[in-house]
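> Following is a predicted model, sequence given first.
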Amino acid sequence: MKRRDLLKLSAAGLLAVPGMALADRIAELPRLRLELRREQRHWFAPSGDPVALWGANRDLLRLHQHQPIEIEVINLLPEPTTLHWHGMRVDNAMDGVSGLTQAPIPPGERFLYRLTPQDAGTFWAHAHHRTYEQLAHGLYLPLIVEEAEPYAADREQLLVLDDWRLGRDGQLDTGSLGNLHEWAHGGRMGNILTVNRQHRPRLGARAGERVRLRLLNAANARIMVLQLPEWPIWILAKDGQPLATPREHKGPLVLSPAERYDLVLDIPEDAEGGHSLYHLAHDRPLETALLQVSGSAGTAARPAPAPLPANPLASLPARAPDHHLQLDMTGGAMGSLRQAVYRGQMLGIDALVQQRQIWAFNGVAGLPEQPLLRARPGELVEIELHNDTRWPHGMHLHGHHFLAESGLYPSGLWHDTLLMARGDRVPIRFVAGNEGRWLLHCHMIEHQVSGMVSWIDIRA
């Protein structure tokens, strides 16, 4: 019996054992204990001193597609929090959005998330309560949902890209959190880049290997422009959703905060030695990691890589949408925002700034009481995003993947997070999925907290 068939039977058995009560079946689900806590680790400090961060009792979550699991989250932090399962199509009550889908978990308390991963791919879990602060503290962890059969590669390498702001004492500069000037511009930028919470780590590989490379941008606001060695590279998946045919890629790869890519990287036979990976900053390239390639793996020339198995994602029907609307993004420094509705009241720009609201969606700042859209499961939705600001934005829709017509990306990619340049008009299309209230916001997190957030309501 193949592993995928065993997993399906196991999952079905949890739902259909004769004479077993629902409570008993739930109690038999595999459970994972996840502690959120403060700790000091020698993760990345250039001085060699440990840096105090917020994290969990593990650095990576690995789940299995279609296998139900319970994740008991225990909050050992000094303030309330939640966990959002970014990119995963979960029940709405499990989406982890403070104030929308659940109450925050108080310090010392716990919350049981019940998940059944629908899609295999590269995802992540991160705080969704005071996110601009907790994400800057490092409260996230990468999450891999494994395919039923391992992908044919010699090596798998996960690269979690991040930037951090350290003070003169070598610790996180928490005093600068909440800087309104940064919120009105590009968001919080750090002064040190890391890969897997390490400063310029050395990564091992062998010449001739085929590497599956999983990339995640976990920064609060920094757009990562990653320059890989100029070897054969293909895009396997974007935001956890496989391409039908892997697409060859050349040049830098741009990742908005929260975006992920799965790549295939073929290391040439004559590549022994050190090869730097760079972030292409505005003024100069910054080395983020060094790939140390040792002697040959003895592999002959390879054919183009095979695609990943498709996930059970609904295809888009070729017809007019059931719902069409435009989302105008306004505000920020040098923007045209003069007034907006905030908590039911129309406020001028000076009053908005007093409330720390600097951005708006369709003239509304902050999370509105009424949804941007009401739809039924299975309906086709089109939202035309218009970035009428001077700044780029990474737009994220919870619980869904969508197709987009954007010049910044190749055609045919599914997204849960989309980078938009200033002035862009980008229509996105998706099929309304699970019932519930799903957040739509900018994942330059400082933009979200200062106005760029809304939600859609899906009900049968």
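Structure's in. What do you need? These numbers were taken from a predicted model, which means no experiment stands behind them. Residues are numbered from 1 along each chain as shown.

> Going by neighbour count, which residues of stretch 68-75 are buried?
Applying a neighbour-count criterion of 16 or more other CB atoms under 10 Å, the buried positions in stretch 68-75 are 68-69, 71, 73-75. Just so you know, the C-beta spots here come from the backbone N, C-alpha and C atoms, and that holds for glycine as well.

> quick one: which of those residues sit in helices?
Taking DSSP state H as the definition of helices, the buried residues of stretch 68-75 contribute nothing to them.

> where does the chain dip in pLDDT?
When the per-residue scores of the chain are filtered using pLDDT under 70, the ranges that remain are 1-28, 41-48, 297-300.

> Number of residues surrounding Y409?
Counted by other CB atoms under 10 Å, the residues lying close to Y409 total 15.

> Repeat that for E146.
16.

> out of everything not next to it in sequence, what's closest to it?
Counting by CB to CB, 6 or more residues apart in numbering, H64 is the residue found nearest to E146 once chain neighbours are left out, at 5.5 Å.

> Quick check: that neighbour vs P30, distance?
The spacing between H64 and P30, counted by CB to CB, to the nearest Å, is 10 Å.

> Repeat that for G175.
In this view, G175 and P30 are 42 Å apart by CB to CB.

> what about the two, which has more around it?
Taking G175 and P30 together and counting by other CB under 10 Å, P30 has the greater number of neighbours (13 against 9).

> mind listing the helices for the stretch 1-150 of the chain?
Read by DSSP state H, counting those that start in this stretch, the stretch 1-150 of the chain holds these helices, from start to end of the chain: 3-15, 22-27, 131-136.

> for the stretch 351-460 of the chain, that is, sorry about that
Along the stretch 351-460 of the chain, the segments classed as helices by DSSP H, counting those that start in this stretch run 445-449.

> residue nearest the centroid of this protein?
Taking CA atoms, centre = their mean, the centroid of the chain lies closest to A258, which sits 3.2 Å from it.

> Please give me every residue in contact with that residue.
With contact set as CB atoms under 8 Å, 6 or more residues apart in numbering, A258 has these partners: 86, 124, 217-218, 394, 396, 416-417, 443.

> now do 10 Å
With contact taken as CB atoms under 10 Å, 6 or more residues apart in numbering, A258 is in contact with 86-87, 124, 126, 135, 140, 216-219, 239, 394-396, 416-417, 419, 443-445.

> What of A289?
The neighbourhood of A289, defined by CB under 10 Å, 6+ apart, consists of 157, 159, 161, 193-196, 198-203, 226, 275-279.

> Among these, name the buried ones.
Looks like these have 157, 159, 161, 193-196, 199-201, 203, 226, 275, 277-279 buried, using 16+ other CB under 10 Å.

> Among those residues, name the ones in strands.
Members of the buried ones among the contacts of A289 lying in strands (criterion: DSSP state E): 157, 159, 161, 193-195, 203, 226, 275, 277-279.

> For those residues, please prepare TSV with the additional fields distance to L380.
Shown next, in TSV, are these (distance: CB to CB, whole Å):
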residue	distance to L380
Q157	38
L159	35
L161	34
L193	40
T194	41
V195	39
L203	43
L226	34
H275	45
L277	40
Y278	41
H279	38
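
> Max pairwise distance over the residues you listed: which two?
Comparing all pairs in those by CB to CB, the longest separation belongs to T194 and H275, at 18.5 Å.

> How about stretch 97-115, which residues are buried there?
Judged by neighbour count using 16+ other CB under 10 Å, the buried positions of stretch 97-115 are 97-98, 100-102, 104-105, 111, 113, 115.

> do stretch 433-449 as well
Here stretch 433-449 shows 433-434, 436-449 as buried, counting by 16+ other CB under 10 Å.

> what's around the closest residue to L226 other than its chain neighbours, how many residues?
The spatial neighbour of L226 that comes closest, neighbours along the chain excluded (CB to CB, 6+ apart), is L253 at 4.8 Å. Summarising burial for L253: neighbours were counted as other CB under 10 Å, giving 18.

> Does T81 touch G96 like I think?
Yes. Taking CB atoms under 10 Å as the definition, T81 is a contact partner of G96 at 9.3 Å.

> shared neighbours, these two?
Taking CB under 10 Å, 6+ apart as the contact rule, T81 and G96 both touch 73, 104-105, 111, 127-129.

> Pick the one among those residues closest to Q370.
Once CB to CB is applied, the member of these that ends up nearest Q370 is H128, at 20.9 Å.

> what's the closest one in contact with, if anything?
H128 neighbours (CB under 10 Å, 6+ apart): 81-86, 95-102, 104, 134-135, 139, 398, 439, 441, 445, 448.

> ditto for L135
With the criterion set at CB under 10 Å, 6+ apart, L135 makes contact with 54, 126-128, 162, 188, 218-221, 257-258, 443, 445-446.

> among these, which are in strands?
Members of the contacts of L135 lying in strands (criterion: DSSP E): 54, 126-127, 162.

> Can you check the residues you listed and name whichever has the most neighbours?
A127 (27 neighbours).

> In space, what's closest to that one - neighbours in sequence excluded?
Once flanking residues are discounted, A127 sits nearest to Q134: 3.7 Å by CB to CB, 6+ apart.

> Count residues in the vicinity of that neighbour, would you?
For Q134, the count of nearby residues is 23 (other CB under 10 Å).

> Please report how far it lies from V225.
As defined by CB to CB, Q134 lies at a distance of 26 Å from V225.
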